[in-house]
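# Mind looking at a prediction? Sequence and model below.
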Amino acid sequence: MLQEKLRQLLPEAEVDVRTVSALLCGSAAAVLAFKWVGQRRIERRLEEVKQRRDQGLGQMEKAARQFKQQNPGVQTGSILSLSLLELAEKLKDESLSPDSVLYTYMEKAMVVTREVNCVTDFMPECEEQLREVKKQKEKGLLYGIPVSIKDNIGCKGHFSTLGLLQFLRAPQEDDCVLVKVLKRQGAIPFVKTNSSQSVLNYDCGNPLFGRTVNPHNHSKCSGGSSGGEGALVGGGGSILGMGSDVAGSIRLPSSFCGICGFKPTGNRLSTAGVADPVAGMNSVTSVLGPMARDVDSLALCMRALLCEDMFRLDPTVPPMPFNEQIYTSTTRLRIGFYDGDGYFEPSPSMRRAIHETKTLLQEAGHTLVPFTIPRIEHAVHELFTRALFADGAATLLEKYKGDLVHPTLRSQIRCYRIPILVKRILSFILTPVVSPLDLSQLC
Ligand SMILES: CCCCCCCC/C=C\CCCCCCCC(=O)NCCS(=O)(=O)O
């Protein structure tokens, strides 16, 4: 059939049809073989990741089980029910031991991750840190508190993967500044948690670790990109988590999973040692921040982090400690609010939550002032998107080379891969007929 077609196309005298068809078939076979080899390579590496993760989780389960057998009297239920402030108090006055708290949370984290797939890595060195904190002369503000850490936040000996194969080349050589400060304050990092692939998505899934679902409804997503933290803290498997956020990555999963999250002002906490999906991000700054069950926990964490160690280890962080005076002030405030930004339509429940909060704040004596965000489309398209992808997403696409794209990211990555000329032509044709919001849906 192929030969018949070639014979019609090519004059017999000039080209040997059999040679041409052999060449074509050979090339097709070579392309297929090349693809197959690439696919097999990816599968092998994914299998290695899975084995390493299973091994770590097995180790965590075993350690928690052993502790329980040796300490049958530990009241795990009551430890898990304590708020962070109550737990910190009991650890400080030694009515609870750091051991009982750590192993209780290890056991609970195992239960939660089996349900929602949120833990990517166990940190066995937490047992060493447990011994270290007990030797500290002065108990830090987070003495004995187990803390979960988002995948991209560097921890010595562990991979910051962002759900991408390229980031599996070498484990981190050192703890990032934030983790160092947490440890100096007595905290015990014990697990790493899942994120969306390349941390630039509001769902939480990647080919390395799969998808993390919502602890309150497994048919829903946990939000992203710090969705592993959202699901683990929301499911009760961690009392304090650290996430990262440039455009909602702490706030969205916290909201989806029914917990509290705080995105500090840019550069307030060090981001040294945190893996980035795109280079730079100087004008849309990525920030690290806490995720926990209540606001008091977030404040305690910020109080602990904004300390001399943070300012000394990263001199680019302004040396401004936590301002107790402002935090505890009862001065009545003027608070601006909006219940829709004119770009993303809030769900009815979100709108209701805003109005309930507004009423509560008014009842507490504050003045609430409605406002609309000026030039929202300009802000999203020209300022945010262009600043994040100043190179037309080229560095981001580099990170996806030779990798799989998780289904939750496919439409986004497909859009970035369209050649710039085609994008310009499409934009020229479609902009007058389709609103900018609809265009972003097309991508
Ligand atoms: C300010 C509103 C942003 C809305 C973006 C809509 C436009 C769509 C264009 C691009 C999609 C980019 C998605 C960005 C998701 C960012 C989620 C996030 O905060 N990730 C954390 C990255 S960090 O480096 O870990 O902080």
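Good, I have the coordinates. Numbering: from 1, shown residues only.
# Show me where the chain has its strands.
Chain-ordered strands for the chain, with DSSP state E as the definition, fall at 119-122, 146-150, 188-193, 205-206, 210-211, 213-214, 217-221, 240-245, 260-261, 287-292, 334-337, 367-370.
# Around the ligand, pick out the residues from this structure.
Within the chain, the positions adjacent to the ligand are 152, 199-200, 225, 244-249, 276, 286, 380, 384-385, 440 by C-beta under 6 Å from any ligand atom. Quick note: C-beta positions are derived from backbone N, CA and C, even for glycine.
# for Leu173, what are its contacts?
Careful, residue 173 is Glu; it's not Leu. Listed by C-beta atoms under 8 Å, 6 or more residues apart in numbering, the contact set of Glu173 reads Lys156.
# What are the phi and psi values at it?
phi -80, psi -20 (degrees, to the nearest 10).
# I'd like the distance between it and Ser160.
11 Å (C-beta to C-beta, to the nearest Å).
# quick one: low-confidence parts of the stretch 301-443 of the chain?
Low-confidence segments of the stretch 301-443 of the chain, defined by pLDDT under 70: 435-443.
# switch to 50 and redo it
Where the stretch 301-443 of the chain drops to pLDDT under 50, the residues are 437-443.
# where exactly do the helices run in the stretch 201-350 of the chain?
Secondary structure of the stretch 201-350 of the chain by DSSP state H, counting those that start in this stretch: the helices cover 227-234, 251-256, 295-305, 308-313, 324-328, 348-363.
# Now the longest one - C-alpha only, PDB.
Going back to what we said before, that points to helix 348-363. Taking only C-alpha atoms (Å, rounded to 0.1, in the frame of the first residue of the first chain), the coordinates of helix 348-363 have been written out as PDB:
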ATOM      1  CA  PRO A 348     -21.700  31.600  47.000                       C
ATOM      2  CA  SER A 349     -20.100  30.100  50.100                       C
ATOM      3  CA  MET A 350     -17.000  32.200  49.700                       C
ATOM      4  CA  ARG A 351     -19.100  35.300  49.400                       C
ATOM      5  CA  ARG A 352     -21.100  34.300  52.400                       C
ATOM      6  CA  ALA A 353     -17.900  33.800  54.400                       C
ATOM      7  CA  ILE A 354     -16.700  37.200  53.600                       C
ATOM      8  CA  HIS A 355     -20.000  38.800  54.600                       C
ATOM      9  CA  GLU A 356     -20.100  36.800  57.900                       C
ATOM     10  CA  THR A 357     -16.500  37.900  58.600                       C
ATOM     11  CA  LYS A 358     -17.400  41.500  57.800                       C
ATOM     12  CA  THR A 359     -20.300  41.400  60.200                       C
ATOM     13  CA  LEU A 360     -18.200  39.900  63.000                       C
ATOM     14  CA  LEU A 361     -15.500  42.600  62.500                       C
ATOM     15  CA  GLN A 362     -18.100  45.300  62.600                       C
ATOM     16  CA  GLU A 363     -19.600  43.900  65.700                       C
END
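# Could you tell me which residues within that helix count as buried?
For helix 348-363, burial by neighbour count (16 or more other C-beta atoms under 10 Å) applies to Lys358, Leu361.
# what packs against it?
Using 3 or more C-beta pairs under 8 Å, 6 or more residues apart in numbering; DSSP states H and E as the contact test, the elements touching helix 348-363 are strand 334-337, strand 367-370.
# can you put these in a markdown table and add mean neighbour count?
Output for those, formatted as a markdown table (neighbours: other C-beta atoms under 10 Å):
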| stretch | mean neighbour count |
| --- | --- |
| strand 334-337 | 11 |
| strand 367-370 | 11 |
